[in-house]
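[1] Give me coordinates for this.
(one chain, ligands or ions: 2)
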Amino acid sequence: MSADPAAELPFFYGSVSRVEAEEQLKLAGMADGLFLLRQCLRSLGGYVLSLVWNLEFHHYPIEKQLNGTYCITGGKSHCGPAELCEFYSMDPDGLACNLRKPCLRSPDTPIRRGVFDSLRENMLREYVKQTWNLEGEAMEQAIISQAPQLERLIATTAHEKMPWYHGKITRKESERRLYCGAQPDGKFLVRDRDETGTFALSIMYGKTVYHYQILHDKSGKYSMPEGTKFDTVWQLIEYLKMKSDGLVTILREACLNKATIQTPVLPSARRPAAPRYTPPPGGLGIATKPLSPIPANTEVLPMDCAEFVNPYHNPNDLKKFYIQREQLMIDEVELGSGNFGCVKKGVLKTDKGQIDVAIKVLKNDNEKLVREEMMREAEIMHQLDNPYIVRMLGLCQTDALMLVMEMASAGPLNKFLSSKKESVTTENIVNLMHQVSMGMMYLEEKNFVHRDLAARNVLLVNQQFAKISDFGLSKALGADDNYYKARTLGKWPLKWYAPECIKFHKFSSKGDVWSFGVTMWEAFSYGGKPYKKMKIPDVIRLIENGERMECPAKCPEQIYAVMKDCWTYKHEERPDFKKVEGAMRTYYYSISNKGQPEGQTEAATPIK
Ligand code: ADP
Ligand code: MG
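    Ligands and ions are numbered 1, 2, ... in the order given. Next up, the predicted model:
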């Protein structure tokens with residue numbers, strides 16, 4: 001999981017309250033400009049800067065903004081908490097004074113983890129396991145690729161894990177539970193209020209139970225009437241343990257929900273679970289098409305699609321390599337074509353039901369070379385099993401040779417993007433290209449070179465789910481080989497090729513990294529053509545001169561930096577996919593906001 005970006009800072013204390021922060025500053029001597037950083041208990045991902053000036057404390061909330069940058073209200077944006085502190089150490093820019101002396105954490109005071117920090121990891125796993133029935137590698141891939149969305153889902157349901165949460169009980173029942181046993185002031189519980197989806201807080205004070213409605217505003221924030229607003233219910237509760245915010249008392253002891261403690265309650269999915277692929281019983285035929293593909297919209301996660309997991313239990317089951325003609329229904333619809341023949345739509349009947357498939361049908365000219373080429377493509381694909389790579393389901397050998405693959409119905413990335421320039425956001429493209437980098441990292445680990453990575457060969461299952469396809473040029477490298485030496489100069493996609501591929505016909509995963517850079521360029525220019533109108537010799541000259549394609553108009557700087565890294569001339573100095581995936585992941589996590597539609601973030605109000 002993503003570590004806290006402030007974890008490395010020696011003056012970061014984690015989840016400590018304002019009072020505790022002031023204690024630390026007092027202990028450290030109250031010099032002007034003495035400061036520390038702590039986790040914001042109010043907004044997800046935010047911080048508070050606590051500063052001393054003139055023997056007084058000043059607390060400045062730092063908001064994490066939608067674009068992933070951090071800023072103090074009204075101040076400049078910074079790419080991380082460290083950069084922000086460095087900036088204010090040089091320039092007060094509106095603060096009481098500049099940051100002069102860090103109030104360092106003593107070695108025996110670890111960074112305090114918040115209530116959610118310690119729950120997050122387990123909850124993520126449980127959630128993914130329960131919602132999508134995933135395990136092992138598929139679960140890890142799901143978590144890595146969709147962490148920001150998942151964390152958002154988890155955070156908003158984390159209260160259900162808390163011992164003070166009693167679920168749907170009546171007001172009367174809440175009183176019965178609070179009056180049960182000792183009745184100290186501040187004993188409390190949270191319950192669901194009727195059908196409205198809002199919550200109520202019930203508190204014991206002076207042997208009497210008081211009930212408060214927890215407000216939930218349009219932007220999704222929780223608060224007490226006229227009180228401070230929070231992203232989640234559990235943050236509000238943590239805050240009310242320190243500050244009464246208009247209540248009769250601050251919250252003290254939780255009235256324990258025995259059910260929550262004994263049998264851990266899983267967070268109920270806030271979002272309606274998308275329909276999972278359930279094979280219908282019997283019946284084969286296009287007319288009774290079994291799958292209703294999930295519409296391409298922004299809510300669907302890759303794990304919601306049947307294509308996320310391998311439909312076969314054992315991908316290496318060789319018996320499954322060949323498919324019987326009777327198992328296959330071939331539609332007339334052509335998905336695409338190439339010189340080998342065409343790709344058709346179809347349905348495959350398996351033990352577990354029917355699957356929508358794409359079938360690469362070889363032209364029936366019996367040309368031995370072409371046939372062998374396709375057999376090799378099948379052998380390569382047969383060994384691969386990753387959510388971000390199109391899976392081969394088998395080979396069908398009748399009059400024509402047919403390669404049966406899982407279907408990626410939204411088609412090639414370049415076409416998709418050029419037809420949807422208006423509706424696809426940068427974050428969306430970053431998510432897709434991060435998935436491609438995960439698929440490529442998998443290939444790199446398995447020692448396969450793709451040799452034809454390009455936007456036309458990245459296929460979409462839907463707007464949020466990409467898969468690498470077209471293994472027609474791919475090669476498996478031997479255990480000791482670092483590269484594949486091509487003997488024949490084929491119809492090579494030279495504009496996607498690294499210098500060593502063009503000049504020496506040396507192909508390695510590093511060559512694929514270069515192609516990934518070009519694919520990124522295509523994606524961020526919404527399906528634009530790389531080195532437009534230029535002839536190959538001119539492209540080679542341009543690269544030899546140290547020049548590279550320019551940053552596409554809507555492409556973030558950080559992404560262009562990754563592209564240029566991929567276009568490192570010498571393959572020895574070029575990053576591998578492990579590194580590229582890391583860079584894509586970091587950037588993707590940083591821009592994935594807190595789930596609010598744009599324009600709904602509130603200005604931070606200073607804590608008094
Ligand atoms: P080529 O070697 O000719 O480039 P591809 O494997 O890239 O062959 O397939 C050609 C076209 O067929 C693709 O651009 C795409 O439109 C379609 N296609 C191929 N595989 C699939 C698939 N699994 N799902 C949906 N469409 C596919
Ligand atoms: Mg292709």
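
[2] State the pLDDT value of S423.
    pLDDT recorded at S423 is 90.

[3] Ok, the one 5 residues further on next?
    At N428, the pLDDT value in this model is 95.

[4] And what about it, helix, strand or coil?
    helix (DSSP: H, G, I helix; E, B strand; the rest coil).

[5] is it true that it touches A466?
    No. Using CB atoms under 8 Å, N428 is not in contact with A466, being 10.5 Å away. Where you see a C-beta, it was placed from the backbone N, CA and C, and this is true even at glycine.

[6] all helices of the stretch 401-550 of the chain, in order?
    For the stretch 401-550 of the chain, the helices defined by DSSP state H, counting those that start in this stretch occupy 413-419, 426-445, 499-504, 509-524, 536-544.

[7] Say whether ligand 1 is contacted by the fourth one.
    The one in question is helix 509-524. No. Counting by CB under 6 Å from any ligand atom, ligand 1 has no neighbours in helix 509-524; the shortest distance is 13.4 Å.

[8] just to revisit the earlier point, can you pick out the residue with more neighbours from N428 and A466?
    Higher neighbour count among N428 and A466: A466, with 31 against 15, using other CB atoms under 10 Å.

[9] For the stretch 351-500 of the chain, which residues are neighbours of ligand 1?
    Contacts of the stretch 351-500 of the chain with ligand 1, taken as CB under 6 Å from any ligand atom, map to 358, 390, 405, 407-408, 411-412, 456-457, 459, 469-470, 472.

[10] Closest to G246 out of those residues?
    A408 (54.2 Å; CB to CB).

[11] who are the neighbours in contact with the closest one?
    Shown in contact with A408 (CB atoms under 8 Å, 6 or more residues apart in numbering): 307, 358, 390, 459-461, 467, 469.

[12] TSV for those, including distance to Q24, neighbour count and pLDDT?
    Output for those, formatted as TSV (distance: CB to CB, whole Å; neighbours: other CB atoms under 10 Å; pLDDT from 0 to 100):
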residue	distance to Q24	neighbour count	pLDDT
E307	52	24	89
A358	61	21	96
V390	55	25	96
L459	54	26	98
L460	51	21	98
V461	51	27	97
K467	51	25	98
S469	56	24	95
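
[13] and which of those residues is nearest to F504?
    S469 (27.0 Å).

[14] Nearest spatial neighbour of R193, chain-adjacent residues omitted?
    A200 (4.7 Å; CB to CB, 6 or more residues apart in numbering).

[15] Equivalent analysis for S223, please.
    K229 (4.4 Å).

[16] Same question for L150.
    In space, L150 is closest to L124, 5.7 Å off (CB to CB, 6+ apart).

[17] and what of L459?
    That would be A408: by CB to CB, 6+ apart, it lies 3.5 Å from L459.

[18] for the one you found, phi and psi?
    The phi/psi pair for A408 (degrees, to the nearest 10) reads phi -120, psi 90.

[19] How about G206?
    Per degrees, to the nearest 10, the backbone of G206 is at phi 60, psi 40.

[20] ok, it - contacts?
    So G206 contacts 185, 248 (CB under 8 Å, 6+ apart).

[21] shaky segments in this structure?
    1-3, 66-67, 260-299, 313-320, 339, 364-366, 479-480, 487-490, 593-608 (pLDDT under 70).

[22] Not counting sequence-adjacent ones, nearest residue to A410?
    L460 (3.7 Å).

[23] Now do the contacts for that neighbour.
    Counting by CB under 8 Å, 6+ apart, L460 has contacts 296, 408, 410-413, 416, 432, 466-467.

[24] partners of it in the sheet?
    Using DSSP bridges, the beta-bridge partners of L460 come out as G411, A466.

[25] OK, contacts around R548?
    542, 563-564, 567.

[26] same question, G528
    Contacts of G528 by CB under 8 Å, 6+ apart are 418, 521-522, 552.

[27] can you tell me which two in the residues you listed are farthest apart?
    S418 and W521 (13.7 Å).

[28] What residues does the stretch 501-608 of the chain have near ligand 1?
    Of all the residues in the stretch 501-608 of the chain, none lies near ligand 1, going by CB under 6 Å from any ligand atom.

[29] In the stretch 501-608 of the chain, what residue lies closest to ligand 1?
    The nearest approach of the stretch 501-608 of the chain to ligand 1 comes at G527, 12.7 Å away (CB to the nearest ligand atom).

[30] Can you tell me the closest non-neighbouring residue to that residue?
    Closest to G527 by CB to CB, 6+ apart is S418, at 3.2 Å.

[31] tell me the contacts of the one you found?
    By CB under 8 Å, 6+ apart, the neighbours of S418 are 526-528.

[32] Now distance to E137 too, for those, in TSV please.
    Shown next, in TSV, are the contacts of S418 (distance: CB to CB, whole Å):
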residue	distance to E137
Y526	33
G527	32
G528	35
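
[33] need the helices for the stretch 201-350 of the chain, in chain order.
    Remark: helices assigned in the stretch 201-350 of the chain by DSSP H, counting those that start in this stretch are 233-240, 258-262.

[34] outside of stretch 496-514, which residues touch it?
    440, 443-444, 447, 449-454, 475, 477, 482-487, 489, 492, 494, 515, 518-519, 530, 540, 543-544, 566-567, 569, 571, 574-577, 580.

[35] Do me a favour and get the end-to-end distance for that stretch?
    7 Å (CA to CA, to the nearest Å).

[36] so who does the closest residue to ligand 2 within the chain touch?
    Per CB to the ion, D470 is where the chain lies closest to ligand 2, at 3.8 Å. D470 makes contacts with 452, 456-457, as judged by CB under 8 Å, 6+ apart.

[37] Narrow the residues you listed to those that are buried.
    Applying 16 or more other CB atoms under 10 Å to these, the neighbour count classes 452, 456-457 as buried.

[38] And the residues you listed, which is closest to Y205?
    Nearest member of these to Y205, counting by CB to CB, is N457, at 66.0 Å.

[39] Could you find the closest non-adjacent residue to that closest one?
    Using CB to CB, 6+ apart, the nearest residue to N457 is D470, at 4.0 Å.
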